[in-house]
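In: next comes the sequence, and after it the predicted model I'd like to discuss.
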Amino acid sequence: MEYIYIQDQETLDLVCARAARQPAVALDTEFVRTRTLAPELGLVQLFDGHQLVLIDPLAIDDMSSLVHLLTNPNVIKVLHSCSEDLEAFLATFNEVPAPIFDTQFAASLLGLGVTMGYGRLIEMLLNTELEKGESRTDWLARPLSDKQCRYAADDVLYLLPAFEQLYNMVEAKGKTAWVLSESACLSDKKKASLPEDYAYLTISNNWRLSSQQLTVLKYLAAWRVRRAKERNMALNFVFKEAHLYELALRMPQSKSALARIHCLTPQERRLNPDLLLNQIHAGLQEFEQTPPADHIPRVLRLVDFPAYKQTLARFKQAVSEMAAEYGVAEEVLASKKQLNQLLKYYWADIDEYRLMGLKPDVLTGWREPLFAPIVETILNKNEN
């Protein structure tokens, strides 16, 4: 099928109005995210079964008709492995598509393969092998070649017929609501954000630090997040995570002491040293002025909790039994990471999910009615 390359609002409005009359549309994005905090959208691919279009967001000022289509509750948006696409839509339009049918999750739910790539899925369902040559394209560069555009068009041309097969199979198992719920829960997580003052919780090895060092890390990590947002820079291009940890560990309080930290990159050394020293001084001052009972608690790892291994084993056993009952792979129901997320939510003094107003994955969406009784039983048994 020939694609239409859209660079004007009038054509975009017409295409979106026609697509809004379809029960489902296939969507994909191409973006660039090398040194930036947020992905920079370069192209949106749309196929509604009748028209295949490539929408140029760099050429069109008013994209509201596309946003209305994305949020139209009567049109299913079909994407494959939609996590990064959600980030691109959110960064560009401050909206995410809904409802979403993620073909990768549907395939895993059906036992076709966990985290299956798009090319492999299309080969399996449609016996078609896709070209891979343009995956490293700079999608912000113009003009895009016909070869690049055809590569992008293929990402939605075959997605819709694949969706039709998967939808029928999922519907036959009575699990369509599970697929739609999975993406809705993911969208909620993408829209949530951790308060800057708690960015230190995401720093590796923070459990090694004392309460005083954590207070310093709190100020340094919050500064890094603010600077990243102000300049749209990836966090590690502002200041590497490991080097931020090193500053918190050693807490240099002078320019000469800062200069003796040899791991810093040339770019980090070119920063005004007062930017870092001010954060370190502020952290030390807060620690000194705060009553000991109110100091930031040491970060505990799950392995530091005596009941961790036994409790995790109980949850794994419950997941195994549930997987057999529902005919779903164990890792689809709950991965070890998701079980750890659950235990941290209940056991940690400070938890990122609580701070973001979220619940653990296994207690949201389609998983909640399955897991809520099990969680209560196992955790109560553990306490007793």
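Out: Structure received.
In: helices or strands up against the lowest-mean-pLDDT helix or strand in the chain?
Out: Least confident helix or strand of the chain, by mean pLDDT, DSSP states H and E, is helix 368-383 with a mean of 89. For helix 368-383, the helices and strands in contact under the criterion 3 or more CB pairs under 8 Å, 6 or more residues apart in numbering; DSSP states H and E are helix 308-326. Backbone N, C-alpha and C define where each C-beta goes, glycine included.
In: do a quick rundown of the helices in the stretch 51-200 of the chain.
Out: Residue ranges of the helices in the stretch 51-200 of the chain, as given by DSSP state H, counting those that start in this stretch, are 64-70, 83-93, 103-109, 118-126, 146-157, 159-172, 176-191.
In: among those helices, show me which one is buried the most.
Out: The highest mean neighbour count among those, using mean count of other CB atoms under 10 Å, belongs to helix 103-109: a mean of 24.
In: who's in contact with that one?
Out: Residues from elsewhere that reach helix 103-109 (CB atoms under 8 Å, 6 or more residues apart in numbering): 78-82, 113-116, 118, 121, 159, 162-163, 166-167, 169-170, 173, 175, 178-179, 182-183, 328-329, 332.
In: then that helix to CSV, C-alphas only?
Out: The C-alpha atoms that make up helix 103-109 are tabulated as CSV, following Å, rounded to 0.1, in the frame of the first residue of the first chain:
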residue,chain,number,x,y,z
THR,A,103,0.1,-6.6,20.4
GLN,A,104,3.3,-7.6,22.2
PHE,A,105,1.4,-8.1,25.5
ALA,A,106,-1.4,-9.9,23.7
ALA,A,107,1.1,-12.3,22.2
SER,A,108,2.7,-13.0,25.6
LEU,A,109,-0.8,-13.5,27.1
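In: and that helix, what's its mean pLDDT?
Out: Per-residue pLDDT values across helix 103-109 average out to 97.
In: swap in stretch 307-322?
Out: Taken as a whole, stretch 307-322 has an average pLDDT of 97.
In: please compute how far that stretch lies from its chain's middle.
Out: Stretch 307-322 has its C-alpha centroid displaced from the chain centroid by 26 Å (CA atoms, centre = their mean, to the nearest Å).
In: do the same with stretch 276-284
Out: Computed by CA atoms, centre = their mean, the separation of stretch 276-284 from the middle of its chain amounts to 31 Å.
In: returning to that earlier point: reformat the helices of the stretch 51-200 of the chain as TSV; add distance to residue 248.
Out: Below are these laid out as TSV (distance: least, CB to CB, whole Å):
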stretch	distance to residue 248
helix 64-70	41
helix 83-93	28
helix 103-109	38
helix 118-126	41
helix 146-157	43
helix 159-172	45
helix 176-191	27
